[in-house]
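Student: my questions concern the predicted model and sequence given below.
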Amino acid sequence: MGRAPCCDKKGLKKGPWTPDEDEKLVDYINKHGHGSWRSLPKLAGLFRCGKSCRLRWNNYLRPDIIRGPFTPEEEKLVIQLHAILGNRWAAIASQLPGRTDNEIKNLWNTHLKKRLLQMGVDPQTHEPYSTLNGLTTTRHMAQWESARLEAEARLSKESQPSIPSSSSSSSDGKWGGDYFLRLWNSEVGETFRKVDKKREYSVSQSPVVSSSGTTTEAGLLTERKTNEDVCMSNEMEDSSESSLQLLLDFPSDNDMSFLEQPADSYYSLLYPSIFT
DNA sequence: AAATTTCGCAACCGCAGGTGA
DNA sequence: GTCACCTGCGGTTGCGAAATT
């Protein structure tokens, strides 16, 4: 059926925004809210398409945006979330207040990806190109997956949309004790739940990898599982107790120091220079 | 100091999903 | 159920700034 262009491009400006345009956009949104992006440009007196206005607002003008370089903690979080979610920048951004998906995408493409490559780590899979670390990687992937499944089980027991977080939240607003459950219960977890629902993923079923060869979040994790099933099978048989322990041991107070831990730490093996 | 290359960021493009008529 | 529209997302590009030769 074809899709109509988002706007009539005749007479519409493109390219960098001028301070005057910014001012018009901010003024209008402050007074009226953005409402319909499509009609906003006319109402605000801008010769831009609605899409351009939305992008400018969301990526630059929004008052809650944090500008400036990413902190090491934020970088850690981006790396960790990317390992779970892949290139789902919006989902990653939802875990970093004040940061936009565009900003995170740029950070990844310009800094983090290169660093990983330099270290011989595949930025897509977060696995070392060398098989030297395979066992360690495998172990942590397996643990992560186990932790995820445990969280799912616990959530389904509680069978409700929101888990009270107040009990575990620290007063300064940082992430509380049950890191994984909070993550799982957040938008990030939502993406997993959606995928799980779609694909009827289950603990006992075989891994899910899309036919196109691309990997969904669940697929991402399970694909790793597939690739490494042989060597991890024993580890996967570790008692659920240890998996649960891992889950419960997930970082509290946003403390990612486990990433920096010694020789057998997956992340410290992969990203030593990031955390120095 | 000038020319060239590399980097980093803002913005654009096209696709997909959601929604309402 | 179909269609048109709107919005959000991820990939990509363009360009100015910074670094290098």
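Tutor: That came in fine, so what should we check first?

Student: how about the residues of chain A near DNA strand C?
Tutor: By CB under 7 Å from any atom of the strand, the residues of chain A that approach DNA strand C are A:1, A:3-4, A:6, A:15, A:35-39, A:50-51, A:54-55, A:87-91, A:101-102, A:105-106, A:109. Just so you know, the C-beta spots here come from the backbone N, C-alpha and C atoms, and that holds for glycine as well.

Student: so who does A:I92 touch?
Tutor: Neighbour list for A:I92: A:78, A:81-82, A:85, A:101, A:104, A:188 [criterion: CB atoms under 8 Å, 6 or more residues apart in numbering].

Student: then A:A83?
Tutor: Listed by CB under 8 Å, 6+ apart, the contact partners of A:A83 are A:H126.

Student: do A:L107 as well
Tutor: Listed by CB under 8 Å, 6+ apart, the contact set of A:L107 reads A:70, A:75, A:78.

Student: format these as TSV; extra columns: secondary structure and distance to A:Q95.
Tutor: Below are the contacts of A:L107 laid out as TSV (DSSP: H, G, I helix; E, B strand; the rest coil; distance: CB to CB, whole Å):
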residue	secondary structure	distance to A:Q95
A:F70	coil	13
A:E75	helix	13
A:V78	helix	9
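
Student: wait, which of those is closest to DNA strand B?
Tutor: A:F70 (8.6 Å; CB to the nearest atom of the strand).

Student: pLDDT wise, what is the closest one at?
Tutor: According to the prediction, A:F70 has pLDDT 86.

Student: do the same with A:D172
Tutor: According to the prediction, A:D172 has pLDDT 38.

Student: do the same with A:M1
Tutor: 35.

Student: then A:W57?
Tutor: A:W57 carries a pLDDT value of 90.

Student: show me the contacts for it.
Tutor: A:25, A:29, A:34.

Student: and it, how close does it get to A:N30?
Tutor: As defined by CB to CB, to the nearest Å, A:W57 lies at a distance of 11 Å from A:N30.

Student: which SSE is immediately downstream of the strand or helix carrying A:L77?
Tutor: Using DSSP states H and E, A:L77 maps to helix A:72-85. Sequence order places helix A:89-93 as the next helix or strand after helix A:72-85, per DSSP H and E.

Student: just the CA trace of that next one, in CSV.
Tutor: C-alpha atoms of helix A:89-93 as CSV (Å, rounded to 0.1, in the frame of the first residue of the first chain):
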residue,chain,number,x,y,z
TRP,A,89,19.4,1.7,22.4
ALA,A,90,16.0,3.0,23.6
ALA,A,91,15.8,0.2,26.1
ILE,A,92,19.3,0.9,27.3
ALA,A,93,18.7,4.6,27.5
